[in-house]
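In: Provide a 3D model corresponding to the input given below.
(one chain, ligands or ions: 1)
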Amino acid sequence: MKKIIVTIDGYSSCGKSTLARQLASELGYTFIDSGAMYRAITLYFLRNHINWKDKKKAETALQNISLGFVFNNSTGKSDIYLNDENVEALIRDMLVSESVSDVSTIKEVRDFAVAQQRKMGKQKGIVMDGRDIGTTVFPKAELKIFMIADTAIRVERRYKELFAKDPNITIEEVINNLAMRDYIDSNREVSPLRKAEDAIVLDNSKLTMEEQLKIALKWVKEKV
Ligand code: C5P
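Out: Next comes the predicted model:
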């Protein structure tokens, strides 16, 4: 069967990564969480006190960043590595979430991430989720999914996920963070979050994980 590229874009906490991971596993494809790349870059900038608004400083810092994904046998998921350090848990922190959308507006940062993402898709057989995957990274992808979900449901999902790690988190923090990231992601100059014209909308507000997977698998079968 021919291998294709599947892109999954959408607003924050719509469940893109969950679907992308399950779809990749069913198809024997590679799953790439492009958001993890922007988060790891943000972590590097924060740790090293890089003023990312300063183009030159951002560019120089990027030269010292190497990113990679390594499969973790104990979780059954891929972890992201920043300069050979597993930063999978650290990048989900609120501190990173608060700055990642601002860092992601920087053209140099996007060029750096997009070049690596395109390399990962050279052999096809990948499912990549993010904000600009169907519009900018792989505009010729065979299947493009644009995921949406009710805001209340997105907040609830994200709150549960974060509360498990940090019981001090408040629902207001989660609401504000999602609203801020959606706003910045949709309004930035470079590759703003948009539904690609040829993307299919998947509203998973009322779908179980099994149901959304079944729908996506049907769409893949129509393309291969
Ligand atoms: O997917 P996730 O929510 O982890 O992404 C974190 C942030 O990274 C997003 O809010 C967005 O600002 C940025 N991002 C992006 N382009 C992508 C993926 C993520 O700008 N392709």
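In: only C-alpha atoms for contact and neighbour calcs from this point on.
Out: OK.
In: Pull out the buried positions in the longest helix along the chain.
Out: What stands out as the longest helix in the chain, according to DSSP state H, is helix 171-187. For helix 171-187, the neighbour count (16 or more other CA atoms under 10 Å) marks Ile171, Val174, Ile175, Asn177, Leu178, Ala179, Met180, Arg181, Asp182, Ile184, Asp185, Ser186 as buried.
In: got it, and stretch 217-224?
Out: Leu217, Trp219, Val220.
In: Contacts made by that stretch with the rest, please.
Out: Contact with stretch 217-224 is made by Met1, Lys2, Lys3, Ile4, Leu23, Glu142, Leu143, as judged by CA atoms under 8 Å, 6 or more residues apart in numbering.
In: Am I right that Ser78 sits in a strand?
Out: Yes. Under DSSP: H, G, I helix; E, B strand; the rest coil, Ser78 sits within a strand.
In: Now do the same for it: its pLDDT.
Out: In this model, Ser78 is scored at 92, pLDDT.
In: what about the closest residue in space to it that isn't next to it in sequence, helix or strand, and which?
Out: Of all residues not flanking Ser78 in the chain, Phe71 sits nearest, at 4.1 Å (CA to CA, 6 or more residues apart in numbering). Assigning secondary structure by DSSP states H and E places Phe71 in strand 67-72.
In: In CSV, list the buried residues of stretch 217-224 along with secondary structure and pLDDT.
Out: Below are the buried residues of stretch 217-224 laid out as CSV (DSSP: H, G, I helix; E, B strand; the rest coil; pLDDT from 0 to 100):
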residue, secondary structure, pLDDT
Leu217, helix, 98
Trp219, helix, 98
Val220, helix, 98
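In: Can you give me the buried ones in stretch 103-111?
Out: Of all the residues in stretch 103-111, those buried under the rule 16+ other CA under 10 Å are Val103, Ser104, Thr105, Ile106, Lys107, Glu108, Val109, Arg110.
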